[in-house]
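Structure for the following, please:
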Amino acid sequence: MSLTMSPKNVTEFVLLGLTQNPHLKKILFIVFLFIFLFTLLANLFIVIIISLSPTLSAPMYFFLTYLSFIDASFSSVTTPKMIIDLLYQRTTISWGGCMTQLFLEHFLAASEVIVLMAMAYDRYVAICKPLHYRNIMQHGLCQLLIVVAWIGGILHSTVQIIFTHDLTFCDPSVTDHFMCDFFSLLELACSDIYRLGMVVAINSGGMCMLIFFMLLISYMVILSSLKSLGSEGQRKALSTCGSHFTVVVLYFIPCIFTYIRPVATYPADKLVSVFFAILTPMLNPIIYTVRNMEVKNAIRSLLKRRVT
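Residues are numbered from 1 along each chain as shown. Predicted coordinates:
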């Protein structure tokens with residue numbers, strides 16, 4: 001039997017998952033099922049609240065609607081299968097399922113990066129150019145930025161899939177992960193992957209680092225502009241910017257750790273992936289609701305209207 005197989009002959013990949021301990025699997029099944037349901041309901045709840053509340057019509061909440069929708073979708077790409085796999089001893093994913101998962105992961109991740117950049121730009125204009133805010137952040141521009149986010153996500157994920165489709169894999173196709181991860185697949189390849197690994201590091205890790213530093217600079221500019229605001233204005237600006245910056249850090253640090261390096265997998269990769277793909281989408285709605293008085297007031301108002 002040949003030791004190499006073309007991508008068309010690969011029927012499935014074996015996923016070793018988070019653990020092989022049967023008792024620990026049962027505990028993790030309950031924990032991640034709760035996390036997934038909470039993530040899904042919390043993000044969809046934010047989408048509904050913003051859509052129904054007339055007080056949350058600012059561009060920031062327009063972007064937050066799409067961020068919550070992306071987080072709910074992103075969590076749904078990998079978490080359900082991971083939860084189901086915890087019930088079985090041997091878990092696999094088909095070639096088509098793996099490619100679909102990989103495409104959706106990178107599509108939603110790249111789209112979220114652009115949405116986060118749009119939210120940062122919105123805060124920059126609101127604080128640094130308040131007199132021109134309404135003229136700059138018009139609804140047409142906000143819609144255009146969302147379209148750019150979707151197109152950017154499609155382009156990025158298409159490039160990743162093209163790279164993967166040209167790989168030749170060795171048998172057995174066993175990966176020590178709970179989902180289809182690009183670096184894990186590269187380690188299964190029989191062909192030379194050095195150049196491809198460098199391209200992925202630049203395409204994903206390099207872009208994550210560049211955008212992260214751009215966002216850091218934008219927040220430095222925003223902080224320097226807060227001196228011109230009153231104490232109430234500073235408090236409100238710090239509240240909204242603090243929430244957004246927290247989300248940015250939670251998103252970009254795992255992304256940089258995962259991709260800004262040569263092709264290699266480490267034991268910590270699975271934990272980072274859990275944080276990035278499962279915990280961050282859960283934390284985002286908590287961060288934006290707990291520290292945002294406008295969202296909390298809108299929730300109270302809608303609940304009162306429903307009770308009345």
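
Could you export stretch 22-38 as PDB, CA atoms only?
Extracted in PDB, the C-alpha atoms of stretch 22-38 (Å, rounded to 0.1, in the frame of the first residue of the first chain):
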ATOM      1  CA  PRO A  22     -13.600   8.600  29.600                       C
ATOM      2  CA  HIS A  23     -14.500  10.200  32.900                       C
ATOM      3  CA  LEU A  24     -13.100  13.600  32.000                       C
ATOM      4  CA  LYS A  25     -14.900  13.400  28.600                       C
ATOM      5  CA  LYS A  26     -18.300  13.200  30.500                       C
ATOM      6  CA  ILE A  27     -17.400  16.300  32.600                       C
ATOM      7  CA  LEU A  28     -16.200  18.200  29.500                       C
ATOM      8  CA  PHE A  29     -19.400  17.200  27.600                       C
ATOM      9  CA  ILE A  30     -21.600  18.900  30.300                       C
ATOM     10  CA  VAL A  31     -19.300  22.000  30.600                       C
ATOM     11  CA  PHE A  32     -19.000  22.700  26.900                       C
ATOM     12  CA  LEU A  33     -22.600  22.000  26.200                       C
ATOM     13  CA  PHE A  34     -23.500  24.700  28.800                       C
ATOM     14  CA  ILE A  35     -21.000  27.100  27.300                       C
ATOM     15  CA  PHE A  36     -22.200  26.500  23.700                       C
ATOM     16  CA  LEU A  37     -25.900  27.000  24.700                       C
ATOM     17  CA  PHE A  38     -25.000  30.100  26.700                       C
END
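
outside of that stretch, which residues touch it?
17-19, 75-76, 79-80, 82-83, 86-87, 89, 278-279, 282 (CB atoms under 8 Å, 6 or more residues apart in numbering). No exception for glycine: its C-beta is placed from N, CA and C like everyone else's.

pLDDT weak spots in the stretch 151-300 of the chain?
Along the stretch 151-300 of the chain, segments meeting pLDDT under 70 span 171-172, 192, 228-233, 236-237, 262-267, 291.

For it, just list every one of the helices.
182-188, 194-200, 207-225, 231-259, 268-274, 280-290, 293-307 (DSSP state H, counting those that start in this stretch).

Distance to F36 and mean neighbour count added to these, as CSV?
As requested, the helices of the stretch 151-300 of the chain are exported to CSV (distance: least, CB to CB, whole Å; neighbours: other CB atoms under 10 Å):
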stretch, distance to F36, mean neighbour count
helix 182-188, 22, 20
helix 194-200, 28, 15
helix 207-225, 25, 16
helix 231-259, 18, 17
helix 268-274, 12, 17
helix 280-290, 8, 20
helix 293-307, 22, 13
